[in-house]
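Trainee: Return atomic coordinates for the entry below.
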Amino acid sequence: MTMHAADMVIVSAQQLQPIDTIDGFQVRPGFFRDFGATIIPGGVNFTVQSHGAESIELLLFHRGAEEPFAELKFPDNYRIGFVYSMIVFGLDIGEFEYAYRVDGPYDEKKGLRFDSTKLLLDPYARAVTGQSKWGHKNNARHGYRARVVRSNFDWGRERTSQIPMEDLIIYEMHVRGFTKDPSSGTTCPGTFHALKEKIPYLKKLGINAVELMPIFEFDEMRDARLIDENQLLDYWGYNPVSFFAPNTSYCSALEYNREGLELKNMIKELHDNGIEVILDVVFNHTAEGNELGPCFSFKGFDNNVYYMLTPDGDYYNFSGCGNTLNCNHPVVQEMILDCLRYWVIEYRVDGFRFDLASILGRNEDGVPMNQPPLLRNLAFDSILGNIKLIAEAWDAGGLYQVGSFPSWKRWAEWNGRYRDDMRCFLKGDTGMARTAAQRMTGSPDLYDPVYRGGNASVNFITCHDGFTLCDLYSYNQKHNEANGWDNTDGYDDNNSWNCGAEGNTDDPGILALRLKMMKNACAVLMCSRGTPMFLSGDEFGDTRYGNNNPYCQDNEISWLDWTLLSKEPNRELFDFFRYMIAFRRKHPAIRRDLEPSYIGFPSMSLHGLTPWEPEAPESAYAACVLFSGYDEDSGKEDLVYIAVNAHWHPAQMTLPDLPEGYVWKIAVNTGDPLQQVFEEDEMPAAEKQLLLGERSVIVFVGEPV
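Mentor: Numbering: from 1, shown residues only. All right, here's what the predicted structure looks like:
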C-alpha cells in the first residue's frame with residue numbers, strides 16, 4: 001500500500017481490512033510516508049522512523065493514566081527501510097493518548113542512546129498532553145505523550161497574504177506577556193484569545209505583522225527555580241519540546257483533539273484585519289539538553305541522527321543550550337521542511353523568523369557550509385514559495401553572518417549591525433554618522449542589491465533580547481539580579497545611555513530627554529530602508545526595570561503594563577509611534593525604489609549638514625538621507641529628507657535645492673517643544689537654512705507650492 005492517508009477520502013473503510021491482531025487490537029501495515037498520527041476511516045495511522053532501532057512499540061494510554069492500556073509492537077513486515085507504520089482500527093481519538101518505546105543498542109561513544117524503558121514523544125506529534133495548564137509541573141511518570149488532532153478548521157476563502165517585505169511593519173511580542181497583566185482588560189489574559197481581543201489596538205497602532213515569540217510546545221517548568229520567593233520559569237519558550245504542536249497553555253480552554261483551534265481562529269482574525277503572522281521558530285536545539293539532560297523524544301529515536309555529535313559521542317553546543325540540532329542531516333532536514341509546510345498549510349502563517357539561524361548552515365561536524373542544503377531547500381520550496389524567511393544570522397558558537405547569510409534572494413536577516421550602529425549613533429558616539437546613514441539606506445555595504453535583493457534587512461533597535469526602548473535610555477548597565485545569576489547573564493554591551501540618572505527619576509529635564517530619545521529612535525527606524533521591527537510595549541514606554549534578559553520572568557518585569565498607555569508622556573509617545581507608522585506607509589520612497597524622480601534626485605542619497613556632502617566619519621554627529629522617486633499610484637513625486645543630529649549642541653543645516661514650484665515642509669521635528677508632528681495639510685514650510693536642534697530629528701517632505 002503506497003498511497004498517502006490523504007488519499008483515503010476515496011477509499012472506503014471496507015476496502016481496508018485488518019490483517020493482524022496485536023494486544024487485542026485489529027491492525028494492518030499503514031501509510032509509510034505519513035509521519036505522525038493521522039485519522040483515517042475506521043482507525044488511526046501511526047508512522048515513525050528510526051535508523052538505529054531494533055524494535056518499536058506503540059503505547060496507548062487512557063487520558064491521564066500512568067500505565068498504557070495497550071502495547072503494540074510493530075511486526076517486522078510493518079517496517080520498510082527505517083520507517084515503521086501501523087493502522088490501528090477501532091480507536092476513538094478522544095479516548096487515548098500515545099507514546100512510543102524504542103529498543104536498540106546503547107553506546108554513548110557512538111552516539112547511540114536507545115533505552116526501552118523511556119516513554120518517547122512522537123517527533124511529529126500534533127499535540128502534546130500534560131502541558132495544558134501554565135505553571136503546573138508535568139507528572140514525571142506521565143512523561144510527554146501525544147494526542148491525535150482532528151484537522152477540520154474551515155479557512156473559507158482565506159488566501160496567503162502578499163504584503164511585500166518592504167511594506168511590513170513588524171511588531172514582536174510574547175503571547176502570554178502581551179496580555180497577562182490585569183491591566184490588559186482581556187477576558188482570558190495571557191492567551192491566543194486575549195491577543196485576538198487586542199486586534200483593534202494593533203490596527204489603531206498601524207502595524208501589519210506580528211512576530212510571535214515561540215509558540216511551539218515547550219515546558220515552562222523545565223528549569224523552574226525559586227529566587228527571593230519569586231518562581232522563575234522558562235518563560236520565553238526557546239526550548240522546544242515538539243516542533244509540530246502549538247503551546248496548549250496559551251489556550252483559554254482545553255481543546256481535546258482539536259488543539260490549535262484557538263490559535264487558528266486568532267490567525268484568521270488577524271488576517272481578516274490585514275495583519276500577517278510570523279512565527280519565531282527554534283530549530284537549532286531542543287529541550288533534551290546535553291548528556292545530563294532528559295531523553296523524551298529525539299535522543300531515544302535516533303540520537304546520532306538528530307544531534308550534532310563529536311567523534312566521541314559528546315554534544316556540540318553551538319546553541320548555548322546543551323545540544324545542537326543536526327539540521328543538514330537528510331532526516332532532520334526533511335522534518336524541518338515537513339514542519340514548516342505543516343504550519344503554513346494547517347495554520348496559514350505568513351513567515352518564520354529562525355532563531356540562531358547560522359546553525360542551520362552548519363555541517364554535521366559543525367563546520368559552516370558554503371551552500372547549506374537546508375537553507376537552499378527552504379528558499380526554493382514550493383509550499384513556502386511566498387512565505388517570509390527571516391534569519392537571526394548568528395549563533396552561540398561565534399558564527400556571525402549578518403550581511404553574508406546564504407540567501408538566494410529569499411532570506412532576510414535581523415540586521416544586528418543596524419541595532420548596534422544606530423544605538424551608538426543616536427546616543428552620540430563619535431564618528432558614527434556615515435555608518436548610520438548607510439544603515440538608514442538599507443545597509444548597502446552589507447546587502448548588495450544585485451546579490452541580496454532590496455529586502456534583506458530587517459531593521460530593529462530593540463527586540464525581546466535586550467533592553468526595551470524605555471530602558472535603553474534609562475539605564476547604563478543591565479540590572480538582572482532578579483534572574484538569580486548575580487547579574488552575570490545577559491549582554492554587557494548594550495550601547496545604552498541613562499540620560500543622566502540610572503533608572504527611575506523625577507527630574508523633568510531627564511524625563512523630557514528620554515522621551516525625545518525614544519522619539520528619535522522611532523523616527524529613524526520608520527524612515528529607514530528595509531523592514532522595521534520593534535518590541536511590543538515600546539510604543540508606550542514599557543519597562544523591564546533594567547533587566548535585559550528576562551527569559552525567566554513570568555511577572556510584572558515581562559508583562560506589559562497597559563496602564564502606561566493612559567499616562568503622560570507615554571500617551572504622547574504612543575501617538576508619535578502611530579504618526580510615524582502612518583507616515584512610513586504614506587511614503588513609498590522610503591520603502592523601495594520608485595520610478596526615477598523628474599526632479600533628478602537619485603532614489604537614495606547621503607548628506608550631511610550641507611547637502612550632497614556626507615559628514616566626515618571622524619567628527620560627524622549629523623546624518624541626513626534623501627529618498628525620492630515618482631510614485632505612479634499617487635501620480636506625484638515622493639520626496640522625504642530626514643536629518644538627524646546626535647550631538648548635544650544644535651547645528652546649522654542647509655536643505656537641498658528644489659526646483660521652482662516645490663518647497664520643503666516639516667512633517668516631524670522632535671526638537672520642537674511646542675509641536676513635533678504635523679498632519680499633511682498643516683505642515684509648515686521650511687527655510688533653506690535652519691537650526692537642527694540638539695539630539696533631534698527633523699523629517700521634511702518636498703511638496704508642490
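
Trainee: How far does the lowest-mean-pLDDT helix or strand in the chain sit from its chain's centre?
Mentor: Within the chain, judged by mean pLDDT, DSSP states H and E, the helix or strand with the poorest mean is helix 449-452; its value is a mean of 85. Taking CA atoms, centre = their mean, to the nearest Å, one finds helix 449-452 lying 24 Å from the centre of the chain it belongs to.

Trainee: All the helices of this structure, residue numbers only.
Mentor: Assigned by DSSP state H, the chain shows helices spanning 175-179, 192-197, 199-205, 261-272, 298-306, 330-347, 373-380, 416-426, 433-440, 449-452, 469-472, 508-526, 570-586, 588-591.

Trainee: CA-only coordinates of the second one in CSV, if you can.
Mentor: Once side chains and other backbone atoms are set aside, the C-alpha atoms of helix 192-197 remain, and they are given as CSV (Å, rounded to 0.1, in the frame of the first residue of the first chain):
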residue,chain,number,x,y,z
PHE,A,192,-4.3,33.4,22.0
HIS,A,193,-7.9,34.5,22.6
ALA,A,194,-6.7,37.6,24.5
LEU,A,195,-4.3,38.5,21.7
LYS,A,196,-7.3,38.4,19.4
GLU,A,197,-9.2,40.8,21.6
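
Trainee: any idea how far Arg571 is from the nearest residue to Asn504 once chain neighbours are set aside?
Mentor: Spatial nearest neighbour of Asn504, chain neighbours left out: Ser474 (7.7 Å); criterion: CB to CB, 6 or more residues apart in numbering. Backbone N, C-alpha and C define where each C-beta goes, glycine included. Per CB to CB, to the nearest Å, Ser474 is found 18 Å from Arg571.

Trainee: Compare the two (neighbour count), which wins?
Mentor: Ser474 (27 against 14; other CB atoms under 10 Å).

Trainee: What values do phi and psi take at the more buried one?
Mentor: phi -130, psi -10 (degrees, to the nearest 10).

Trainee: isn't it right next to Arg544, touching?
Mentor: No - counting by CB atoms under 8 Å, Ser474 does not reach Arg544; the two are 10.1 Å apart.

Trainee: Hmm, Met86 is touching Val48, no?
Mentor: No - in this structure Met86 lies outside contact range of Val48 using CB under 8 Å: 9.4 Å.

Trainee: Tell me which of those two has more neighbours.
Mentor: Higher neighbour count among Met86 and Val48: Met86, with 26 against 23, using other CB under 10 Å.

Trainee: Next one: that one, what pLDDT does it get?
Mentor: Met86 carries a pLDDT value of 98.

Trainee: show me the contacts for the spatially most central residue of the chain.
Mentor: For the chain, the residue nearest the mean C-alpha position is Asp280 (2.8 Å; CA atoms, centre = their mean). Contacts for Asp280 (CB atoms under 8 Å, 6 or more residues apart in numbering) come out as 172, 211-214, 352-353, 355.

Trainee: can you put those residues in a markdown table and add neighbour count, distance to Met580 and pLDDT?
Mentor: Formatted as a markdown table, these follow (neighbours: other CB atoms under 10 Å; distance: CB to CB, whole Å; pLDDT from 0 to 100):
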| residue | neighbour count | distance to Met580 | pLDDT |
| --- | --- | --- | --- |
| Glu172 | 23 | 17 | 98 |
| Glu211 | 26 | 19 | 98 |
| Leu212 | 25 | 23 | 98 |
| Met213 | 24 | 24 | 98 |
| Pro214 | 19 | 29 | 98 |
| Phe352 | 24 | 27 | 98 |
| Arg353 | 25 | 23 | 98 |
| Asp355 | 23 | 28 | 98 |
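
Trainee: The residues you listed: which two are farthest apart?
Mentor: Glu172 and Phe352 (13.5 Å; CB to CB).

Trainee: got any ranges where this protein has weak pLDDT?
Mentor: Counting by pLDDT under 70, the chain shows low-confidence ranges at 1-15, 616-618.

Trainee: what residues are up against Pro68?
Mentor: Here Pro68 is in contact with 59-61, 99 (criterion: CB under 8 Å, 6+ apart).

Trainee: Kindly indicate which of the residues you listed lies nearest Ala646.
Mentor: Ala99 (58.1 Å).

Trainee: Which residues are in contact with the closest one?
Mentor: 59, 61, 68, 119-122, 143-146.

Trainee: quick one: which of those residues has the most company?
Mentor: Arg145 (29 neighbours).

Trainee: Give me the neighbour count for the closest residue in space to it that isn't next to it in sequence.
Mentor: With CB to CB, 6+ apart as the criterion, Arg145 has its nearest non-adjacent residue at 4.2 Å, and that residue is Glu97. Glu97 is flanked by 23 other residues according to other CB under 10 Å.

Trainee: cool, Glu66 as well?
Mentor: 11.

Trainee: next one: Leu226
Mentor: Residues near Leu226, counting by other CB under 10 Å: 9.

Trainee: Leu233 is in contact with that one, correct?
Mentor: No - assessed by CB under 8 Å, Leu226 is found out of contact with Leu233, at 10.7 Å.

Trainee: Could you measure from Pro246 over to His479?
Mentor: 34 Å.

Trainee: Looking at the two, which has the bigger crowd around it?
Mentor: With neighbours defined as other CB under 10 Å, Pro246 and His479 compare such that Pro246 has more, 27 against 17.

Trainee: Report the contact partners of that one.
Mentor: 127, 215-217, 259-260, 263, 347.

Trainee: With adjacent residues omitted, what lies nearest to Ser252?
Mentor: That would be Cys188: by CB to CB, 6+ apart, it lies 3.6 Å from Ser252.

Trainee: Equivalent analysis for Leu226, please.
Mentor: Using CB to CB, 6+ apart, the closest residue to Leu226 is Leu232 (7.4 Å).

Trainee: Same check on Pro444?
Mentor: Gln438 (6.7 Å).

Trainee: so how far is Cys463 from the one you found?
Mentor: 21 Å.

Trainee: ok, these two, which is more surrounded?
Mentor: Cys463 (23 against 20).
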